[in-house]
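Undergrad: can you look at this prediction? I've put the sequence above it.
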Amino acid sequence: MRKIEHIGIAVKNLEAANEVFAALFDEEHYKVEKVESEGVSTSFFQVGPNKIELLEGTHPDSPISKFIEKRGEGIHHIAFDVEDIEAEIARLQAKGFRVLNETPKPGADGKVVAFLHPKSSNGVLVELCMDRRKY
Ligand code: ZN
């Protein structure tokens with residue numbers, strides 16, 4: 001893994017949260033994107049070299065809506081930038097991590113992604129993230 005690619009924050013209302021975080025960062029979000037397959041609307045902020053993703057569920061059964069129902073709003077996942085997502089999946093599985101999707105899937109902001117179950121990483125939902133054009 002090369003670096004933290006972004007931090008994902010679950011929010012109830014994306015529009016309202018966009019205003020809060022724009023005020024916090026003194027910078028508007030640079031993109032809003034719906035990922036229908038994941039049941040989320042996302043927005044992205046660039047903060048210096050770092051990226052923050054806000055996520056709102058698009059329906060009550062989406063994983064984000066369920067997360068908020070159980071644990072409230074807040075930090076949802078940490079995404080790490082990887083050079084070769086398939087090699088990382090294989091490496092982590094060999095070490096006993098539970099990969100939620102063995103086949104990388106399209107994520108927001110031009111990425112392909114895979115998630116590790118938080119139970120295998122001390123309660124942290126880990127997202128592996130690779131530029132889609134390299135896939
Ligand atoms: Zn993410």
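TA: Arrived safely. Because the structure is predicted, anything quoted here is derived from the model rather than measured.

Undergrad: what's the separation between the residue sitting furthest away from the middle of the chain and the ion?
TA: The centre of the chain is farthest from one residue, residue 94, which by Cα atoms, centre = their mean lies 23.2 Å away. Counting by Cβ to the ion, to the nearest Å, the gap from residue 94 to the ion is 24 Å. Where you see a C-beta, it was placed from the backbone N, CA and C, and this is true even at glycine.

Undergrad: check residue 44 too.
TA: From residue 44 over to the ion the distance is 9 Å, taken as Cβ to the ion.

Undergrad: now swap in residue 27 and tell me
TA: Counting by Cβ to the ion, the gap from residue 27 to the ion is 19 Å.

Undergrad: for the spatially closest residue to that residue that is not a sequence neighbour, give me its contacts.
TA: Once flanking residues are discounted, residue 27 sits nearest to residue 45: 6.4 Å by Cβ to Cβ, 6 or more residues apart in numbering. The contact partners of residue 45, taken as Cβ atoms under 8 Å, 6 or more residues apart in numbering, are 21-22, 25, 27-30, 51-52, 54.

Undergrad: ok, now with 10 Å
TA: Counting by Cβ atoms under 10 Å, 6 or more residues apart in numbering, residue 45 touches 6, 9, 18, 21-22, 24-25, 27-31, 51-54.

Undergrad: residue 91 contacts residue 116, doesn't it?
TA: No - in this structure residue 91 lies outside contact range of residue 116 using Cβ atoms under 10 Å: 11.6 Å.

Undergrad: so what sits against both of the two?
TA: Shared contacts of residue 91 and residue 116, defined by Cβ under 10 Å, 6+ apart, comprise residue 97.

Undergrad: so between those two, which is more surrounded?
TA: Comparing residue 91 with residue 116 by other Cβ atoms under 10 Å, the one with more neighbours is residue 116, at 23 against 13.

Undergrad: burial count for the residue lying closest to the more buried one once chain neighbours are set aside?
TA: Spatial nearest neighbour of residue 116, chain neighbours left out: residue 126 (4.2 Å); criterion: Cβ to Cβ, 6+ apart. Neighbour count for residue 126, taken as other Cβ under 10 Å: 22.
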